[in-house]
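1. show me how the following folds:
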Amino acid sequence: MEQHVSATTTGLTADVLMSAPGQVMLPRHAEGRPEQLVSWTPVVVDAGTRALRMMIEHELPPGGRFSCRLTASEAAGSTGFRVSMGRQSDGSLAPARVEQLFPPRSLSAILRDPALRCTDGNDIVTALAAPAHAAHVEAVRRLLAAPDRRLPVLVVCSPRTMGPAARFARKAAHRLAGLAHVVLMSSWLALDSFNAAHEAADALVLPRDGARLYWPGTAGRSPWWGPAEVAGDHEALMRQLGRLLAPLSVVARGRDRLWDAVRAAEAVARADALVKRASGNDSAHLAVLRERLEEERALQVELLELNIELEAKIARLEIDKVNLEAQLHAALAGGGVEPAVSPEPPIAEPHDFSTAWDAWTRDSEGALVFTANAKEEWQRSSYPYPERMREALDTLAELAGEWRRRDGELGTSLVSWIGDQTPLDYANSDEPLRRKGLSHFTFENAKWDRQPHIKLDDHTTPDRVGRIYFAIDKTAHRWIVDHVGVKLYRTKSASK
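-> Prediction:
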């Protein structure tokens with residue numbers, strides 16, 4: 001939380017923040033951004049029971065103050081971090097009627113840490129767009145149908161992994177973290193499979209190259225945007241989403257149990273201190289005081305549990321209320337005409353890639369090439385899901401092209417880069433393949449290592465385990481695919 005008080009310039013380190021309450025006015029950090037008043041309140045009982053609550057406030061153009069409340073708490077071996085944003089009203093946070101909501105920097109940092117699990121009720125909160133191929137559509141359907149889902153789901157259709165719709169999905173996932181889930185439908189096959197289940201239902205189909213916001217728990221109209229809007233001004237589209245989702249910026253989510261636990265421990269510690277100071281009094285009277293103190297503690301716990309239960313019910317009702325209000329706003333603003341559904345015509349011979357090999361190389365601008373062995377292995381392959389293999393190679397061609405345009409400089413590992421943007425499961429090595437002497441092949445009079453591979457349909461019978469093995473040419477910035485089919489060392493042939 002130091003970053004919110006500019007520790008390097010103000011000297012307000014974590015140790016200082018935890019030593020005493022305080023506040024500081026910070027100048028605007030960018031043109032057009034307001035000054036911020038940051039205040040904080042520490043609570044320290046002992047090394048394992050402590051908390052820090054921070055308020056970051058600034059003036060709203062129409063009047064009032066926008067507040068972001070951060071609470072870090074540690075108690076009973078658990079650590080929690082809680083974020084609430086909204087308009088300050090009578091000492092409490094109310095929904096913020098603003099178009100632009102930006103997550104606090106500390107939330108962004110926490111969401112980027114894979115070791116931390118962030119939740120809103122039963123919802124897992126991330127700042128990443130979840131990519132979905134056809135194999136993941138059923139999981140997306142379950143997410144949309146989950147009766148306890150709190151957050152809306154923004155589903156974006158972008159068969160092009162690096163296209164404008166995909167860029168919008170990634171921007172939305174970052175900006176709407178904690179306000180909405182974002183799913184990136186990454187292939188025509190996935191889109192058709194998703195819409196096939198919704199064609200009979202009104203207001204559910206996902207427009208091709210467009211986006212749709214699915215509200216939780218209700219059957220109201222879900223707003224949608226077509227390809228022109230999703231490929232157009234992303235900031236304008238984010239403002240529309242901001243107006244729809246701002247009511248969700250603060251909803252009663254129940255008690256912050258860790259913060260309550262720390263404050264309760266603080267109260268108990270003070271009471272114990274008073275008892276100790278009175279230890280010189282009559283021992284019988286002291287025993288009575290201790291007994292009454294324990295009775296008060298038990299009563300407080302009982303009342304707290306009852307309060308939590310009541311607030312949880314209120315939270316559910318408030319969530320339903322703001323969702324319905326936002327849906328009503330969207331219904332009144334929209335024309336009500338649903339997007340047309342036009343499924344991609346089925347491929348007559350889905351296993352026939354004869355015209356696709358050159359297309360993938362051309363689409364990747366030469367960054368994805370195939371050896372003769374790769375084509376022959378696929379022709380002989382018994383892999384039973386050719387559509388999934390085709391969509392995986394579609395995505396791989398886009399990735400290879402983007403990797404070449406960046407000269408292989410990604411700022412992160414290839415494993416993370418592919419995993420963050422696509423549903424593909426990539427591994428950069430295969431030790432059993434190496435031990436079996438199948439890890440190398442010859443192409444253009446040079447020897448290459450084909451341990452890097454894409455994994456499809458793992459944890460099933462050998463004839464259903466798909467693999468794409470390729471070498472990485474860091475000089476010509478290309479990926480050389482030498483096997484497409486089932487797991488390579490399950491097959492009898494291998495390229496030498």
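
2. distance from the chain centre to stretch 132-142, please.
-> Here stretch 132-142 shows a centroid-to-chain-centroid distance of 16 Å under the convention C-alpha atoms, centre = their mean, to the nearest Å.

3. wouldn't residue 1 be in contact with residue 70 here?
-> Yes: assessed by C-beta atoms under 8 Å, residue 1 is found in contact with residue 70 at 5.9 Å. (Each C-beta comes from the backbone N, C-alpha and C, glycine too.)

4. overlap in contacts of these two?
-> By C-beta atoms under 8 Å, 6 or more residues apart in numbering, residue 1 and residue 70 have these common neighbours: 54, 106.

5. quick one, what contacts the residue nearest to the spatial centre of the chain?
-> Nearest residue to the geometric centre of the chain (C-alpha atoms, centre = their mean): residue 126, 2.6 Å. The contact partners of residue 126, by C-beta under 8 Å, 6+ apart, come to 111, 118, 173, 177, 181.

6. that one belongs to a strand?
-> No: assignment of residue 126 by DSSP: H, G, I helix; E, B strand; the rest coil gives coil, placing it outside any strand.

7. show the pLDDT at it.
-> pLDDT for residue 126: 82.

8. pLDDT on stretch 356-369, on average?
-> Rounded mean pLDDT across stretch 356-369 is 95.

9. not counting it itself, show me its contacts.
-> Stretch 356-369 is contacted by residues 370, 375, 390, 393-394, 396-398, 400-401, 403-404, 477-481 when judged by C-beta under 8 Å, 6+ apart.

10. ok, so of the contacts of residue 126, who is nearest residue 443?
-> Nearest to residue 443 out of the contacts of residue 126 is residue 173 (C-beta to C-beta; 38.2 Å).

11. for the closest one, give its distance to residue 154.
-> 8 Å (C-beta to C-beta, to the nearest Å).

12. the more surrounded of these two?
-> Between residue 173 and residue 154, counted using other C-beta atoms under 10 Å, the more crowded position is residue 154 (27 against 22).

13. among the helices and strands of the protein, which has the poorest mean pLDDT?
-> Lowest on mean pLDDT, DSSP states H and E among the helices and strands of the chain sits strand 92-94, with a mean of 56.

14. for residue 153, list each beta-bridge partner.
-> Under the criterion DSSP bridges, residue 153 forms beta bridges with residue 181, residue 214.

15. need the pLDDT of it.
-> pLDDT for residue 153: 93.

16. report the contact partners of it.
-> Shown in contact with residue 153 (C-beta under 8 Å, 6+ apart): 143-144, 180-183, 213-214, 216.

17. what is the nearest of the residues you listed to residue 58?
-> Proximity of the contacts of residue 153 to residue 58 (C-beta to C-beta) peaks at residue 180, which lies at 23.2 Å.

18. distance check, the residue nearest to that closest one when sequence neighbours are not counted against residue 462.
-> Of all residues not flanking residue 180 in the chain, residue 152 sits nearest, at 4.6 Å (C-beta to C-beta, 6 or more residues apart in numbering). Distance, residue 152 to residue 462, by C-beta to C-beta: 41 Å.

19. quick one: secondary structure of the residue nearest to residue 60 when sequence neighbours are not counted?
-> Nearest-residue entry for residue 60: residue 66, 5.1 Å, with adjacent residues in sequence omitted and distances by C-beta to C-beta, 6+ apart. Recorded secondary structure, residue 66: strand (three-state DSSP).

20. bridging across strands, which residues link to residue 66?
-> Residues in beta-bridge contact with residue 66 (DSSP bridges): residue 58, residue 87.
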